[in-house]
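[1] generate coordinates for the sequence data below:
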Amino acid sequence: MVSGSVYETYLYLSKKKFAIQVIQVENIKIIYEKEILLENNSNQLKLEDLQNFLDNNILKIEKILKQFVKDVFVILNSDEFFSVLLSIKNNNNGKTLSLEDLSYSLNEARDQCKKTTEQKKIVHMLIKNYHIGNKDYSSLPENIKCDNFSLDIKFICLSNNLIKSLEKSFKRYHISINQIISADYVENFFNDNSDIFKKTRKIIQGCNRNEVNFFSKKKKVRVFLRNFLIFSDKSVFSSNICCF
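    Prediction:
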């Protein structure tokens, strides 16, 4: 172990395979890696198999690191993800479209989604299209004036019950879930055969500039989008990560 090193733990879960990888963040060096194939004829993730997998690996990892694993990024391949498509339109009165304007619309869209999916959590929020004036844009154009704009947004959600079951599996080791990431979303975004862990790290680091994340800090909120930072009264959105 390198003194003072920072590590990240990634866990891939599907009904047919579990895999875990620990990296040293500074140089992206793989410290530990293990996978197993499962005999599972059901459509459900078997949490008893997950418990056995954690039993066989967490203590080994902690001995190598000489420190506890505190949290984990869960890459989940599951049919239980549920997508919601939503469009939201707002007036802009001929002004230059700003991140503050987007912040209001994104908060409104998120609130609408949460009302219609009460038993699910939003895992990913993706802006699929910016309709500004009479034109469509794949990303937010700079210094553009418009009377109105609309956003086409895709929400990827997951049931609260499954999230709570996963959290319970890790609680035994005093490990929290840093973030849940949809494996299908990662694979479809890159559409190649490269390593799922590498692709997930790129997603977490914000390679998809149209992914939005909200981070609430009491009453003060930071808002990130495409490497810009502003403040909003309600919540945070960012081109990065998380469940909300």
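
[2] who's the closest residue to T117 other than its chain neighbours bridged to?
    Closest residue in space to T117, ignoring its immediate chain neighbours: C157 at 5.2 Å, by Cβ to Cβ, 6 or more residues apart in numbering. Every residue, glycine included, has its C-beta placed from N, CA and C. Per DSSP bridges, the residues bridged to C157 are F82, I122.

[3] contacts only, for C157.
    Going by Cβ atoms under 8 Å, 6 or more residues apart in numbering, C157 touches 81-84, 113, 117, 120-123.

[4] got it, and I88?
    I88 touches 105, 108-109, 112, 150-151, 153, counting by Cβ under 8 Å, 6+ apart.

[5] where does the closest residue to K120 other than its chain neighbours land on pLDDT?
    Leaving aside its sequence neighbours, K120 sits nearest to C157 (Cβ to Cβ, 6+ apart; 4.0 Å). At C157, the pLDDT value in this model is 97.

[6] just the buried residues of the contacts of I88.
    By neighbour count, with 16 or more other Cβ atoms under 10 Å, the contacts of I88 hold 105, 109, 151, 153 as buried.

[7] so what's the third one up against?
    Spelled out, that is L151. 87-88, 102, 105-106, 109, 127, 129-131.

[8] make JSON lines out of the contacts of I88 and add distance to T9, pLDDT and secondary structure.
    JSON lines is the format used below for those (distance: Cβ to Cβ, whole Å; pLDDT from 0 to 100; DSSP: H, G, I helix; E, B strand; the rest coil):
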{"residue": "S105", "distance to T9": "35", "pLDDT": "89", "secondary structure": "helix"}
{"residue": "E108", "distance to T9": "35", "pLDDT": "90", "secondary structure": "helix"}
{"residue": "A109", "distance to T9": "32", "pLDDT": "92", "secondary structure": "helix"}
{"residue": "Q112", "distance to T9": "34", "pLDDT": "92", "secondary structure": "helix"}
{"residue": "S150", "distance to T9": "40", "pLDDT": "95", "secondary structure": "strand"}
{"residue": "L151", "distance to T9": "34", "pLDDT": "95", "secondary structure": "strand"}
{"residue": "I153", "distance to T9": "30", "pLDDT": "96", "secondary structure": "strand"}
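
[9] confidence-wise, which of the contacts of C157 comes last?
    On pLDDT alone, T117 ranks lowest of the contacts of C157, at 87.

[10] that one and V74: what is the separation?
    20 Å (Cβ to Cβ, to the nearest Å).

[11] okay, the two: which has more neighbours?
    Per other Cβ atoms under 10 Å, whichever of T117 and V74 has more neighbours is V74, with 22 against 17.

[12] so what pairs up with that one in the strands?
    Beta-bridge partners, per DSSP bridges, of V74: L11, I180.

[13] wait, it sits on L166?
    Yes. Using Cβ atoms under 8 Å, V74 is in contact with L166, at 6.5 Å.

[14] what touches both of the two?
    177, 180.

[15] neighbours of the closest residue to F189 other than its chain neighbours, just the number please.
    Nearest residue to F189 in three dimensions, chain neighbours excluded: N208, at 6.0 Å (Cβ to Cβ, 6+ apart). For N208, the neighbour count with other Cβ under 10 Å is 18.

[16] now do the SS call for N208.
    coil (DSSP: H, G, I helix; E, B strand; the rest coil).

[17] ok, I61 next?
    I61 ends up helix, using three-state DSSP.

[18] ok, now how distant is it from S42?
    Relative to S42, and taking Cβ to Cβ, I61 is found at 28 Å.

[19] mind putting the buried ones among the contacts of I88 into a markdown table with distance to L140?
    Written out in a markdown table, the entries for the buried ones among the contacts of I88 read as follows (distance: Cβ to Cβ, whole Å):
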| residue | distance to L140 |
| --- | --- |
| S105 | 12 |
| A109 | 15 |
| L151 | 10 |
| I153 | 13 |
